[in-house]
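In: coords please:
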Amino acid sequence: MQQIRSQVTERDGLFELEAGSDVLDSPRYNHDMAPTKVRERTWNKWHITALWVGMAICVPTYTLGGVLTAYFGLSVGEALLAILFANIIVLIPLTLNAFPGTKYGIPFPVLLRSSFGILGSNIPCLIRALVACGWFGIQTMFGGLAIHLFLGSVFEGWKSLGGTGEVIGFMVFWVLNLWVVIRGAESIKWLETLSAPLLVLVGVGLLVWAMPNVSMSELLAIPPKRPEGASVVSYFAAGLTAMVGFWATLSLNIPDFSRYAKSQKDQIVGQIIGLPLTMFLFASLGVVMTAASVKLVGVTVSDPVTLIGHIQSPVWVALAMALIIIATLSTNTAANIVSPTNDFQNIAPKVINRTKAVMLTGLVGLVLMGHELLKKLGLIVSDLSLETVYSNWLLGYSSLLGPIAGIMVVDYFLIKKQQLDLAGLYRDDVYPAWNWFGFIAFGVPVVLTLLSLGSDVFSWFYSYGWFTGSALGGLIYYGLSAMRPSPTAVKSAV
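Out: Predicted structure coming up:
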């Protein structure tokens, strides 16, 4: 006989929900969004490390140094320091927002119900989902190009397809990504675990190939592309903000992964080992490879897929492309599909299950890349480049996501004191439908950021958007909540 009221039990600091009919029959619950059981939390620190290695080693990371030198006016040395510092900084919200996921086994959208309301959580969820779908499309474009070059190295006739071959590669890679995520979290865990050592080998191999063709001293001595005599501070801070924005998305939805961690220690140590150094080393590799590309292939090439495509040996091209396909797959599935899959389910859990949400994610990503795909097919002509869209997003979307990160941290640690009503997060009678404190704390920094775009005096507010947004959002949320704390929102978890 099914129990009526849900029960919450605790084992070594990890909470588990035995769902009764009050939760099972709720429109806010489905099996995929349910808290993970303690026995399902199987990811140790090395699995978390592999997750970050798999996500960090990708084509966009490779191009970060070039983005900072070309668009943000930094020297090579300054760009690499900005990348290292940014990833140390972003560890703070990553580890803090991972705490409730590990403790309660809940995904990102369910955690947001505490700070934005049961229904209100859908707004920040959809903001996060749209960004992820865009990144999914961009990464799938890179993966599709790698498949095209792989097939071109194996079948001589494939090269003649040109842009059509790239579009076919895109669709093959698109299907492969969706298939992995539909299979579930264990499939992603093993993909990341198996791919991480292969990706490290790829980096080492590329470095061995490039180093004889580049002088590090000359590379570091290249002057920055900014006005002569201009202070480095504002340029460095803007670049730092953009690099924090690179993982601003994951700093929100890290509970989607930490809900599978064995312990808080595992998620903290795994993230510290896996993120900053991997990002720094692979971005450094991109800088070195781009500088060496002139001697290697005769032209400056800023992405590894195109660079390797210039190699004359079909065998080496095929092998390298296979590894890049694995690298892009491991990044795309974890970083860009898992979150929108959960976010879309949060809209109507009884109607949208994981499979439907994965397909919806894929369709949105496909639509967002429609312009680029039509260009490759020769159906439209446009000067808009994928690289321009990519570099402009880094600063822009981080400004929007910063307040959400600040609100989440303040809500869980300062307002709720790390105590959530686990069953209440899946019902309509504990937390409010809309928590307007969360929306005010989110809206004020966003409005100020938009207003600062037209002001020379306050342009710094946009340039440092993630820092200003997260700090101001957190402060406003704390102030509002402290003035009128909700008696139902801070209930015991047991």
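In: got a list of contacts for the helix or strand residue 55 falls within?
Out: Using DSSP states H and E, residue 55 sits within helix 45-56. Residues from elsewhere that reach helix 45-56 (Cβ atoms under 8 Å, 6 or more residues apart in numbering): 43, 189, 191-193, 195-196, 199-200, 250, 257, 261, 265-267, 269-271, 273-275, 278-279, 282, 327, 330-331, 334-335. C-betas here are computed from N, CA, C, even on glycine.
In: Likewise for stretch 195-212?
Out: With Cβ under 8 Å, 6+ apart as the test, stretch 195-212 has contacts from 49-50, 53-54, 57, 281-282, 285, 288-289, 292, 296, 304, 320, 323-324, 326-327, 329-330.
In: low pLDDT regions in the protein?
Out: Residue ranges of the chain with pLDDT under 70: 1-3, 384-399, 485-494.
In: could you redo the last one with a cut-off of 50?
Out: Scanning the chain for pLDDT under 50 picks out 1, 394-395, 487-494.
In: Can you show me the helices along the stretch 351-494 of the chain?
Out: Here the stretch 351-494 of the chain has its helices, by DSSP state H, counting those that start in this stretch, at 354-368, 370-376, 386-410, 436-452, 459-463, 465-483.
In: okay, those helices in TSV with mean neighbour count next?
Out: Conversion of the helices of the stretch 351-494 of the chain to TSV gives the following (neighbours: other Cβ atoms under 10 Å):
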stretch	mean neighbour count
helix 354-368	19
helix 370-376	17
helix 386-410	22
helix 436-452	19
helix 459-463	19
helix 465-483	21
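In: Out of these, the one nearest residue 145 is which?
Out: Closest approach to residue 145 among the helices of the stretch 351-494 of the chain is made by helix 370-376 (9.5 Å; Cβ to Cβ).
In: same for that closest one, what does it pack against?
Out: Under the contact criterion of 3 or more Cβ pairs under 8 Å, 6 or more residues apart in numbering; DSSP states H and E, helix 370-376 touches helix 163-182.
In: Which strands or helices does the helix it packs on pack on?
Out: By 3+ Cβ pairs under 8 Å, 6+ apart, helix 163-182 packs against helix 122-154, helix 185-210, helix 314-332, helix 354-368, helix 370-376.
In: Could you look over those helices and pick the most buried one?
Out: helix 122-154 (a mean of 24; mean count of other Cβ atoms under 10 Å).
In: Between helix 436-452 and that helix, find me the angle.
Out: 60 degrees (axes from the mean of the first three to the mean of the last three Cα atoms, to 10 degrees).
In: now helix 122-154 against helix 314-332, angle please.
Out: 170 degrees.
In: what's the spacing between helix 122-154 and its chain's center?
Out: Its chain's C-alpha centre and that of helix 122-154 lie 12 Å apart, by Cα atoms, centre = their mean, to the nearest Å.
In: Equivalent analysis for stretch 244-263, please.
Out: Remark: stretch 244-263 is offset 8 Å from the chain centroid, using Cα atoms, centre = their mean.
In: and the end-to-end length of that stretch?
Out: Length of stretch 244-263, first residue to last, Cα to Cα, to the nearest Å: 26 Å.
In: now do stretch 302-311
Out: Calculated as Cα to Cα, the first-to-last residue distance of stretch 302-311 is 15 Å.
In: Residue 238 touches residue 462, doesn't it?
Out: No. In terms of Cβ atoms under 8 Å, residue 238 does not count as a neighbour of residue 462; the distance is 9.2 Å.
In: coming back round to it: I'd like the helices of the stretch 351-494 of the chain as JSON lines, with distance to residue 172 appended.
Out: JSON lines is the format used below for the helices of the stretch 351-494 of the chain (distance: least, Cβ to Cβ, whole Å):
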{"stretch": "helix 354-368", "distance to residue 172": "13"}
{"stretch": "helix 370-376", "distance to residue 172": "13"}
{"stretch": "helix 386-410", "distance to residue 172": "19"}
{"stretch": "helix 436-452", "distance to residue 172": "38"}
{"stretch": "helix 459-463", "distance to residue 172": "39"}
{"stretch": "helix 465-483", "distance to residue 172": "35"}
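In: Quick one: closest of these to residue 169.
Out: helix 370-376 (10.0 Å).
In: Return the distance of the closest one from the chain's centre.
Out: 24 Å.
In: Just the C-alphas of that helix, formatted as PDB.
Out: The C-alpha trace of helix 370-376 is given here as PDB (Å, rounded to 0.1, in the frame of the first residue of the first chain):
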ATOM      1  CA  GLY A 370      19.700  27.600 -38.600                       C
ATOM      2  CA  HIS A 371      21.400  30.800 -40.000                       C
ATOM      3  CA  GLU A 372      24.900  29.200 -40.000                       C
ATOM      4  CA  LEU A 373      23.600  25.900 -41.500                       C
ATOM      5  CA  LEU A 374      21.800  27.700 -44.300                       C
ATOM      6  CA  LYS A 375      25.000  29.600 -45.000                       C
ATOM      7  CA  LYS A 376      27.000  26.400 -45.300                       C
END
